[in-house]
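J.: Sequence and predicted structure below; questions after.
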Number of protein chains: 2
Amino acid sequence: MIIRPATATDADAIWRIFHAVVAGGDTYTFPPDTPRTDALAYFMAPGIRSWVIEDGGGRVIGMYKLIPNYAGLGSHVANASFMVDPAAQRSGAGRIMGEHCLEQARQAGYEAMQFNFVVSTNTAAVELWKKLGFQIVGTLPKAFRHSKLGDVDAYVMHRFL
Amino acid sequence: MIIRPATATDADAIWRIFHAVVAGGDTYTFPPDTPRTDALAYFMAPGIRSWVIEDGGGRVIGMYKLIPNYAGLGSHVANASFMVDPAAQRSGAGRIMGEHCLEQARQAGYEAMQFNFVVSTNTAAVELWKKLGFQIVGTLPKAFRHSKLGDVDAYVMHRFL
């Protein structure tokens, strides 16, 4: 698998993956019917740094973006957002992107990384971030309206870089 | 003091208060030189519900906005943002707006309210929110670059409605 910066030609793949991920209603707050323009703005708006990951056949199977969590007096803390094609779950793409993202954040001078909303029942994500050094620093009670489980907690996860 | 919905004619007052508040660099992540257009967009962009509070002489001394903390599957949780003219500190305007905001949020059908970034050294705010029933549900280590104190923690605060 290789990771490279996303370009305009990745729009179709990014939209395909975004739509497949949010359709589940189990990991992201985006409404399952989020339109393509919103999806592409989220990952590819001007000023947003984003990367895609390709499988061995050159097919894009995931993407992530890296941004300041807040502008101004909170901009020393990074935020990142990851999606992996549901068809490529357990391929290791999430972990590879996570490690790549941490390195990019260090190089960009960020001092920490924070995820604002990790759905507590998304155990694959929670466990991955723990393996990569993140801690749960906050628990948002019943903050996520899970499509199958009802209202479940979300975590704020953090690590210094 | 009275609270009323903000209108376009409040723009000058909202900008005056916003600028005075962020100039301190001690409570909000906005850069102290945030331009007027950004300030007005924050409080008055289309779709944002906002209110102002007037003192006995009809002068606007504070404002707040009430929005969903996330769209979609997180939209049952409200977020709100408050500013009081530094010249009107300890007037009780913050508490009056806080109580008004909680009632507005209940009426709008929100199930909880979450503040994502309360600067830990802003003890007036932390204590006010505790009095109004909020709990600290997360601590973001060194997340705020305070203009005088260096990097300090920020809190995530939450209450059900």
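T.: Perfect, thanks for sending it.
J.: my guess is A:T139 is in a strand, correct?
T.: Yes - under the criterion used here (DSSP: H, G, I helix; E, B strand; the rest coil), A:T139 sits inside a strand.
J.: How much space separates it from chain B?
T.: Plainly put, A:T139 is 6 Å away from chain B if you go by C-beta to the nearest C-beta, to the nearest Å. (Glycine included, C-beta is placed from N, CA and C.)
J.: what does A:F82 give?
T.: 17 Å.
J.: Leaving out sequence neighbours, find the closest residue to that residue.
T.: Counting by C-beta to C-beta, 6 or more residues apart in numbering or on different chains, A:Y64 is the residue found nearest to A:F82 once chain neighbours are left out, at 4.3 Å.
J.: Can you name every helix or strand that the strand or helix carrying the one you found contacts?
T.: Per DSSP states H and E: A:Y64 is located in strand A:60-68. If you count contacts as 3 or more C-beta pairs under 8 Å, 6 or more residues apart in numbering or on different chains; DSSP states H and E, strand A:60-68 packs onto helix A:11-23, helix A:36-44, strand A:49-54, strand A:77-84, helix A:93-107.
J.: Same question for the longest one: list its buried residues.
T.: Right, the one you point to is helix A:93-107. A:93-94, A:96-98, A:101-102, A:104-105 (16 or more other C-beta atoms under 10 Å in any protein chain shown).
J.: and which of the residues you listed is nearest to chain B?
T.: The nearest member of the buried residues of helix A:93-107 to chain B, counting by C-beta to the nearest C-beta, is A:A105 at 14.7 Å.
J.: separation between the closest residue to that closest one other than its chain neighbours and A:V118?
T.: Of all residues not flanking A:A105 in the chain, A:A78 sits nearest, at 4.4 Å (C-beta to C-beta, 6+ apart). Separation of A:A78 from A:V118 (C-beta to C-beta, to the nearest Å) stands at 15 Å.
J.: go on, A:E127?
T.: Relative to A:V118, and taking C-beta to C-beta, A:E127 is found at 11 Å.
J.: higher neighbour count, the two?
T.: Just comparing A:E127 and A:V118: by other C-beta atoms under 10 Å in any protein chain shown the higher neighbour count belongs to A:V118, 21 against 10.
J.: That one: which element?
T.: Using DSSP H and E, A:V118 sits within strand A:112-119.
J.: strand partners of that strand, parallel vs antiparallel please.
T.: Strand pairing for strand A:112-119, determined by DSSP bridges: strand A:77-84 (parallel), strand A:150-160 (antiparallel).
J.: List, one by one, the residues from chain A near chain B.
T.: Neighbours of chain B within chain A, by C-beta under 8 Å from any C-beta of the partner chain: A:25, A:28-31, A:34, A:69-77, A:111-112, A:114, A:116-117, A:137-147, A:151, A:154, A:156, A:158, A:160.
J.: just to revisit the earlier point, looking at the helices and strands packed on strand A:60-68, which one is packed in the most?
T.: For the helices and strands packed on strand A:60-68, the largest average neighbour count (mean count of other C-beta atoms under 10 Å in any protein chain shown) is found in strand A:77-84, namely a mean of 22.
J.: tell me the mean pLDDT for it?
T.: Average pLDDT, strand A:77-84: 98.
J.: Would you mind getting the angle between it and helix A:36-44?
T.: Per axes from the mean of the first three to the mean of the last three C-alpha atoms, to 10 degrees, the angle that strand A:77-84 makes with helix A:36-44 is 130 degrees.
J.: Let me see the contact set for the residue in chain A that chain B sits nearest to.
T.: Residue of chain A nearest chain B, by C-beta to the nearest C-beta: A:G138 (2.0 Å). Contacts here follow C-beta atoms under 8 Å, 6 or more residues apart in numbering or on different chains; on that basis A:G138 touches A:155-156, B:137-140, B:156.
J.: Can you list the low-confidence ranges for chain A?
T.: Applying pLDDT under 70 to chain A picks out no residues at all.
J.: And for A:R4, the neighbour number?
T.: By other C-beta under 10 Å, the residues close to A:R4 number 11.
J.: Surely it is in contact with A:G58?
T.: No - using C-beta atoms under 8 Å, A:R4 is not in contact with A:G58, being 10.7 Å away.
J.: so how far is A:N116 from the closest residue to A:V137 other than its chain neighbours?
T.: Nearest non-adjacent residue to A:V137, counting by C-beta to C-beta, 6+ apart: A:H158, 4.5 Å away. Note on A:H158: its distance to A:N116, by C-beta to C-beta, is 10 Å.
J.: The two - which one has more neighbours?
T.: Neighbours were counted for A:H158 and for A:N116 using other C-beta under 10 Å; A:H158 has more, 25 against 21.
J.: partner residues bridging the more buried one?
T.: Assigned bridge partners for A:H158, using DSSP bridges, are A:Q114, A:Q135.
J.: Quick one: residues contacting it.
T.: Counting by C-beta under 8 Å, 6+ apart, A:H158 makes contact with A:112-115, A:134-135, A:137, B:140-141.
J.: again, 10 Å this time
T.: The contact partners of A:H158, taken as C-beta atoms under 10 Å, 6 or more residues apart in numbering or on different chains, are A:69, A:77, A:112-116, A:129, A:133-138, B:138-143.
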